[in-house]
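Trainee: Build me a model from this:
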Amino acid sequence: MSIETHTLTTDGAEITYDVRPGDGPTLFLLGSPMDASGFFTLAGHFPDRKVVTYDPRGAGRSKLTGGQTTSTPEQHADDISRVIDATGGGPVDIFASSGGAVNTLALVTAHPEQVRTLVAHEPPLIPVLPDRETASVATKGIADLYQREGVGPAMVRFILVVSHKGEIPAGWLDQPAPGPEQFGLPTEDNGDRSDVLLGQNLVACTHYEPDFAALRSASTRIVVAVGEESKDQLAFRAGLAVAARLGSEPVYFPSGHAGFLGGEFGQHGDPDNFAVTLRRVLDEQR
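Mentor: As a prediction, the model looks like this:
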């Protein structure tokens, strides 16, 4: 499969994106902070479509140029909007996972005419949760821990919070945690604070508050997806809550939060069945 790589300049970033040519409707596959390399397997399941992937600002090949160290979903949404225009314009279909789902909810709010169908997979939105206060304290505490001690201890806590089942209890950050070495993470602080997840996106992404009135009235068909193996985890619970606020039923996809991965980053979901489900959901619009 041939891949064409392009760059474009946006407000505060140089964005790199990839286009896999195809005769069918354009399909965007988006994550955040995961870059285009995470969608190699899933993209291969849609040879009949033009498939577009990209590296979010600050991730992979895309660079921040405006001196900012953090990014908002609205900024990411503007980047995606410009990539849509650069690849032929909308409306396009979008599958977006995790932070990418958050960013594309912001995109649909601002530019519903650009998106035909959005499949928003497990958006980790804390404001929609019943335990929003304790979940917010935990997430902001992880960001603070990163600034104090670096990536190792903070990433341990991030892994624990995203895999935690059920509501986040008060005092969660005070509970004992394994050392970074048990996760193969750095035990020494190298002083760098530019991590695209822990430093740039964590707080702004998880604390984004969608405009549900605008989303419900948008011309875009929004389908919220959750993983069959993600039950009761934060992003799963948030997905259910977003679907409820939109007045829709969530669609269950195979595997978990990374269900579409086929070996990327050393992770294996169930990409074949995941792609079958995604195709079915996209075909329902026709």
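Trainee: what about the stretch 1-150 of the chain, any weak spots by pLDDT?
Mentor: 1 (pLDDT under 70).
Trainee: what are the ranges of the helices in it?
Mentor: Assigned by DSSP state H, counting those that start in this stretch, the helices in the stretch 1-150 of the chain fall at 40-43, 73-86, 99-110, 132-149.
Trainee: got the buried residues for the last one?
Mentor: Neighbour-count burial for helix 132-149, with 16 or more other CB atoms under 10 Å as criterion, is recorded at 132, 134-143, 145-146. All C-beta atoms are positioned from the backbone trio N, CA, C, and that covers glycine.
Trainee: In a markdown table, list the helices of the stretch 1-150 of the chain along with distance to residue 14.
Mentor: A markdown table is the format used below for those (distance: least, CB to CB, whole Å):
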| stretch | distance to residue 14 |
| --- | --- |
| helix 40-43 | 22 |
| helix 73-86 | 10 |
| helix 99-110 | 17 |
| helix 132-149 | 25 |
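Trainee: which stretch among those helices comes nearest residue 180?
Mentor: Residue 180 sits nearest to helix 132-149 of all those, at 9.6 Å, using CB to CB.
Trainee: name the helices or strands packed onto that closest one?
Mentor: helix 151-163, helix 202-206 (3 or more CB pairs under 8 Å, 6 or more residues apart in numbering; DSSP states H and E).
Trainee: From the chain's centre, how far out is that helix? Work that out for me.
Mentor: Relative to the chain's own centre, helix 132-149 is displaced by 19 Å; criterion: CA atoms, centre = their mean, to the nearest Å.
Trainee: now it and helix 151-163, what's the angle there?
Mentor: Counting by axes from the mean of the first three to the mean of the last three CA atoms, to 10 degrees, helix 132-149 lies at 160 degrees to helix 151-163.
Trainee: is it true that residue 252 touches residue 226?
Mentor: Yes: using CB atoms under 8 Å, residue 252 is in contact with residue 226, at 6.1 Å.
Trainee: outside of stretch 237-253, which residues touch it?
Mentor: Around stretch 237-253, the neighbours that count as contacts under CB atoms under 8 Å, 6 or more residues apart in numbering are 105, 119-126, 128-129, 210, 212, 215-216, 222-228, 259, 274, 277-278, 281.
Trainee: Filter these down to the ones in strands?
Mentor: Of the contacts of stretch 237-253, the ones assigned to strands by DSSP state E are 119, 120, 121, 222, 223, 224, 225, 226, 227.
Trainee: for those residues, which one is nearest residue 179?
Mentor: Of all the ones in strands among the contacts of stretch 237-253, residue 179 sits closest to residue 227, with 28.3 Å by CB to CB.
Trainee: from memory residue 95 sits against residue 115, does it?
Mentor: No: counting by CB under 8 Å, residue 95 stays clear of residue 115, with 11.2 Å between them.
Trainee: Looking at these two, which is more packed in?
Mentor: Comparing residue 95 with residue 115 by neighbour count (other CB atoms under 10 Å), the higher total belongs to residue 95, at 30 against 25.
Trainee: what sits opposite the closest residue to that one other than its chain neighbours in the beta ladder?
Mentor: Using CB to CB, 6 or more residues apart in numbering and skipping residues adjacent in sequence, the residue nearest residue 95 is residue 119, 4.6 Å away. Per DSSP bridges, the residues bridged to residue 119 are residue 95, residue 223.
Trainee: is it true that residue 119 touches residue 282?
Mentor: Yes: using CB under 8 Å, residue 119 is in contact with residue 282, at 7.3 Å.
Trainee: Mutual contacts of those two, please.
Mentor: Common neighbours of residue 119 and residue 282 (criterion: CB under 8 Å, 6+ apart): residue 93.
Trainee: quick one: contacts for residue 183?
Mentor: Residue 183 touches 155, 156, 159, counting by CB under 8 Å, 6+ apart.
Trainee: Selection in ChimeraX covering whichever of these are buried, please.
Mentor: Per 16+ other CB under 10 Å, the buried members of those correspond to this ChimeraX selection:
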select :155,156
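Trainee: With distance to residue 88 and pLDDT added, can I get the contacts of residue 183 in CSV?
Mentor: As requested, the contacts of residue 183 are exported to CSV (distance: CB to CB, whole Å; pLDDT from 0 to 100):
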residue, distance to residue 88, pLDDT
155, 38, 96
156, 43, 97
159, 39, 96
